[in-house]
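Student: got a predicted structure here, sequence first:
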Amino acid sequence: MQKKDLEIAEILKARLAGIMELVDFRVFGSRARGDADEYSDLDVFIEVPSLDKDIKEKISEIVWEVGFENFMVISPLIFTKDEIENSPLRVSPIVKNIVAEGIAV
């Protein structure tokens, strides 16, 4: 992952952690692999203890703000701890890929 991508991910994580508990936060996809181009989005995996409409809206606002400030589209993938541990998501290819190849921030 490029230094600038890591810096943006760290800013995003810090802002989110300032208003909610984060179980896990990872960058995945082309920017994590290092094969992104200038138009690639920053894919982030956000795991929280619980999720409701208010928390989802707050995450969306912060993601948009950080992306806007850094001239980058940030695409969040948000799940709860329960979804990751106790639902069919635990064996889904995307979650397995994020766990295997995602970079924890």
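Tutor: Yep, it's here. Numbering: from 1, shown residues only.
Student: which pLDDT value does the model give Pro88?
Tutor: Pro88 is assigned a predicted lDDT (pLDDT) of 90.
Student: distance of it relative to Phe79?
Tutor: Using Cβ to Cβ, to the nearest Å, we find Pro88 at a distance of 12 Å from Phe79. In this view, the C-beta of every residue, glycine as well, is placed from N, C-alpha and C.
Student: again, but for Val48
Tutor: To Phe79, Val48 is 8 Å away according to Cβ to Cβ.
Student: would you verify that Asp43 is located in a strand?
Tutor: Yes - with DSSP: H, G, I helix; E, B strand; the rest coil as the criterion, Asp43 is located in a strand.
Student: what pairs with it across the strands?
Tutor: Asp43 forms beta bridges with Phe28, Ser75, as assigned by DSSP bridges.
Student: numbering from 28 from now on, please.
Tutor: Yep, numbering from 28; the last one is Asp70 now.
Student: so how many other residues sit close to it?
Tutor: By other Cβ atoms under 10 Å, 20 other residues sit near Asp70.
Student: so what's it up against?
Tutor: Asp70 is in contact with Val54, Phe55, Gly56, Ser57, Arg58, Ala59, Ser102, Leu104, counting by Cβ atoms under 8 Å, 6 or more residues apart in numbering.
Student: mind redoing it with 7 Å?
Tutor: Asp70 makes contact with Val54, Phe55, Gly56, Arg58, Ser102, Leu104, according to Cβ atoms under 7 Å, 6 or more residues apart in numbering.
Student: quick one: the strands in the protein, in order.
Tutor: 51-55, 69-75, 101-107, 130-131 (DSSP state E).
Student: let me know which of these is tucked in deepest.
Tutor: Scoring the strands of the chain by mean neighbour count under mean count of other Cβ atoms under 10 Å gives strand 69-75 as the most buried, with a mean of 23.
Student: contacting residues around Lys85?
Tutor: Counting by Cβ under 7 Å, 6+ apart, Lys85 has contacts Ile46.
Student: and it, what pLDDT?
Tutor: 97.
Student: run through the protein and note the low-pLDDT ranges.
Tutor: By pLDDT under 70, the chain contains no weakly predicted segment.
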